[in-house]
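In: Requesting a structural model of the entry that follows:
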Amino acid sequence: MTDVEAGAAQMQTELASSRDGESDVKPILEVRDLHVHYETTRGPVQAVRGLNFKLMPNEILGLAGESGSGKSTLAMALLRMIKDPGKIVKGEIRLDGRDLLSLSESEMRQVRLAEIAMVAQGAMNSLNPVMRIEDQIKDAWADHGVRYSRREADEQIANLLQWVGLRPEVARVFPHELSGGMKQRVVIAIAISLRPRVIIADEPTSALDVVVQRQIISTLRRVQDDLQAAVILIGHDIGLMAQSVQKLGIMYAGKVAEMSPIYEMFEDPMHPYTQLLIDSLPSPDQKTPLKGIPGITPSLLNPPSGCGFKDRCPFAMEVCDTVIPPLEEKRPSRMVSCHLFSEET
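Out: A predicted model of the protein is given here:
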């Protein structure tokens, strides 16, 4: 069994155990028919097109796909941080039943970090290079009206840094004095400083070597477990996802192509795009040529009619040219957007 398969199996066990009594549990986050566009002189780029998904309490949900599939745009939209020329055209983002799109900007500022927080990719770009780490944590607190005495603040910051595996002395240094992995841990520390219920991690291991990647993911999972928070892990490395998440959504051309528990997805991928992605993973056990996916992703300036994957799909049918397949549950706990399963119940 490869590391990917072993990781997927472990995630399946954790997911099964978390389902006990889940029938009465409501989603902590629910996205309904979300559309995000970027205005250009040639028309709107439809980066996210009618996205729907639910995030359950304490769940770790992965979202993966090629560059340009809409993953990072979704992350920014969930925190209402889409800036001009981008805009959220329509949809709902419900956190604990409250639609975040209906809040004023001042109300949303209080929700960010306190209830829903982000661990962004590129830690150096997320930290102020001329401020000590402790001052950046204090700034986050001050923005939400949290006040400590100097002694209390020092103790809280030391505990926070130790929580993510850093020495208390890190509080007094500047970001450029830290390694990439240490900076990313600082970003995690800031994100969890107000104990949010939802954490969005947007490619938190990009530009890090594989050893540090595992350390960061391990830190994130430990913190998630301590907080009993739900996590959305966004990335393009589905091998890493298999060892990190309980459920995985595959995004393509601004939509979700498939969403399934991680083990079932690797055992029996339903969408042709998912099948090709998994087939492209190198195997440490077999010396076989690397496989790629022929063709390129479609332009979201003029999205294709019908299925967005039809031009690259080895199983494309006539109906794929004109009808967009809805994302539907075709098997227990498994959602897929593909006409190949239109007759399944």
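In: Which helix runs longest in the protein?
Out: helix 210-227 (DSSP state H).
In: what comes up buried for it?
Out: Buried residues in helix 210-227, counting neighbours by 16 or more other C-beta atoms under 10 Å, are found at 212-217, 219-221, 223-224, 227. C-betas here are computed from N, CA, C, even on glycine.
In: ok, those vs Ser106, which is closest?
Out: Leu227 (25.5 Å; C-beta to C-beta).
In: show me the residues around the closest one that make contact.
Out: 192, 195-197, 199 (C-beta atoms under 8 Å, 6 or more residues apart in numbering).
In: could you redo the last one with a cut-off of 10 Å?
Out: 58, 163, 192, 195-197, 199 (C-beta atoms under 10 Å, 6 or more residues apart in numbering).
In: Tell me which of the residues you listed fall in helices.
Out: Among the contacts of Leu227, the members falling in helices (DSSP H) are Trp163.
In: and of the contacts of Leu227, the nearest to Ser102?
Out: Nearest to Ser102 among the contacts of Leu227, with distances taken as C-beta to C-beta, is Arg197, at 18.6 Å.
In: Any idea how many residues pack against the closest residue in space to Gly180 that isn't next to it in sequence?
Out: Leaving aside its sequence neighbours, Gly180 sits nearest to Leu208 (C-beta to C-beta, 6 or more residues apart in numbering; 5.5 Å). The number of residues packed near Leu208 is 18, by other C-beta atoms under 10 Å.
In: In three-state terms, label Leu208 for me.
Out: Here Leu208 takes the coil state, with states given by DSSP: H, G, I helix; E, B strand; the rest coil.
In: isn't it right up against Gln184?
Out: Yes: assessed by C-beta atoms under 10 Å, Leu208 is found in contact with Gln184 at 6.9 Å.
In: Just the pLDDT for the residue nearest to Gly180.
Out: We have a pLDDT of 81 for Leu208.
In: looking at it, Gly165 is touching Thr219, isn't it?
Out: Yes: using C-beta under 10 Å, Gly165 makes contact with Thr219 at a distance of 5.7 Å.
In: wait, what's in contact with Pro282?
Out: 4, 239, 288-291 are the contacts of Pro282 under C-beta under 10 Å, 6+ apart.
In: quick one: which two of these are the most distant?
Out: Val4 and Pro289 (18.5 Å).
In: These two: which is more packed in?
Out: Shown here are Val4 and Pro289; by other C-beta under 10 Å, Val4 has more neighbours (21 against 6).
In: Who are the contact partners of the residue nearest to Pro85 when sequence neighbours are not counted?
Out: Nearest residue to Pro85, sequence neighbours excluded (C-beta to C-beta, 6+ apart): Glu39, at 4.2 Å. Residues in contact with Glu39 (C-beta under 10 Å, 6+ apart) are 45, 84-87.
In: Mind telling me the two of those residues farthest from one another?
Out: For the contacts of Glu39, the farthest-apart pair by C-beta to C-beta is Val45 and Asp84; their separation is 13.3 Å.
In: intersection of neighbour lists for these two?
Out: 38-39.
In: out of those two, which sits in the busier spot?
Out: Val45 (20 against 7).
In: element containing that one, please.
Out: strand 43-55 (DSSP states H and E).
In: Starting from that strand, tell me which strands it pairs with and how they run.
Out: Neighbouring strands of strand 43-55 in its sheet, by DSSP bridges, are strand 29-40 (antiparallel).
In: What average pLDDT does the strand holding Val45 get?
Out: 95.
In: i'd like the first residue to be 525 from this point on
Out: From this message on, residue numbering opens at 525, which makes the last subject strand 567-579.
In: Check which residues of it are buried.
Out: 568-579.
In: which one of the residues you listed is nearest Cys831?
Out: Using C-beta to C-beta, the buried residues of strand 567-579 come closest to Cys831 at Arg573, 12.2 Å.
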